[in-house]
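Chemist: here is my input, please return the structure:
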Amino acid sequence: MAANVFYVQVSGVRDNMSEYISALGRVTEQLETYRHPPPNVPLETNSTDIIDELERSCGVFKRKLTEQARHMAWVSSKMEGFLCDHVS
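Modeler: Next up is the predicted model:
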């Protein structure tokens, strides 16, 4: 029964990481569009502010992904210890 709890935790962390990865990809695409706009496309007057905000968002998503990766490692190590103790 406890092994199931670990699997649920891993699944939740994996889903969160997937969402952060998708969000980071979308923000990175937007950032590149503002950094390297297509020819003949005028930039907004506040494009510098937009770039700053997109860079800040990238940093937030990267920190969240790092936290989730650490959490995944912790849950995985606990699950491995549990399985070693109960399967042998």
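Chemist: quick one: contacts for the residue sitting nearest the centre point of the chain?
Modeler: The chain has residue 20 as the residue nearest its centroid, 3.0 Å off, counting by CA atoms, centre = their mean. Residues near residue 20 by CB atoms under 8 Å, 6 or more residues apart in numbering: 61, 64, 65, 68. C-beta here means a position set from N, CA and C on the backbone, and glycine is covered the same way.
Chemist: tell me the average confidence for the helix or strand where residue 70 lies?
Modeler: Element membership of residue 70, judged by DSSP states H and E, is helix 47-87. Helix 47-87 shows a mean pLDDT of 87 in the predicted model.
Chemist: packing partners of it?
Modeler: Counting contacts by 3 or more CB pairs under 8 Å, 6 or more residues apart in numbering; DSSP states H and E, helix 47-87 packs against helix 2-35.
Chemist: tell me the average confidence for the helix it packs on?
Modeler: With pLDDT averaged residue by residue, helix 2-35 scores 89.
Chemist: report the angle between it and helix 47-87.
Modeler: Interaxial angle, helix 2-35 versus helix 47-87 (axes from the mean of the first three to the mean of the last three CA atoms, to 10 degrees): 160 degrees.
Chemist: show me what counts as buried in helix 2-35.
Modeler: Residues of helix 2-35 classed as buried: 6, 9, 13, 16, 17, 20, 23, 24, 27, 30, 31, 34 (neighbour count, 16 or more other CB atoms under 10 Å).
Chemist: now, which of the residues you listed sits nearest residue 49?
Modeler: residue 34 (10.2 Å; CB to CB).
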